[in-house]
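1. Sequence and predicted structure below; questions after.
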Amino acid sequence: MAKRRNKAAKVRAILADNPDATAKEVVKTLAAQRVRVTAAQVYNVRSTAAKPKLDGFASLIRAKKLAEKMGGIEKARAALNVLARLL
């Protein structure tokens, strides 16, 4: 029996070769390879690939160090509030 790769990996491979491909083009390309995917699956893979992966614990440690450099959590929070208003 042949080893199966998951559909998301195949979608990622096609998007790596052609990042401007539309969901319909990816579905059509995979259909030619006898792999059934929907446009929704392609959109889901594309959106999760675009999100940066954050390591929760490492992010908290970096935030704590930043707050210490800024003189405490209240000062860091005030700076973030100012930044939020600017954006």
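-> All right, it came through fine.
2. any idea how far residue 50 is from residue 67?
-> For residue 67, the distance to residue 50 equals 29 Å [CB to CB, to the nearest Å]. (C-beta placed from N, C-alpha, C; glycine too.)
3. Quick check on these two: which one has the bigger neighbour count.
-> residue 67 (17 against 7; other CB atoms under 10 Å).
4. which SSE is that one in?
-> Element membership of residue 67, judged by DSSP states H and E, is helix 56-70.
5. what residues does whichever helix or strand comes after that helix touch?
-> Per DSSP H and E, the first helix or strand lying C-terminal to helix 56-70 is helix 73-86. Contact with helix 73-86 is made by 63, 66, 67, 70, as judged by CB atoms under 8 Å, 6 or more residues apart in numbering.
6. that older thread, just the residues contacting the helix holding residue 67, thanks.
-> 73, 75, 76, 79.
7. on that earlier part again, mark which of the contacts of helix 73-86 are buried, thanks.
-> Neighbour-count burial (16 or more other CB atoms under 10 Å) is assigned, among the contacts of helix 73-86, to residue 67.
8. Can you tell me which of the contacts of helix 73-86 is nearest residue 11?
-> Nearest to residue 11, judged by CB to CB, of those is residue 63 at 33.6 Å.
9. separation between that closest one and residue 69?
-> The separation that residue 63 has from residue 69, given CB to CB, amounts to 11 Å.
10. I'm done for today, thanks for sticking with me.
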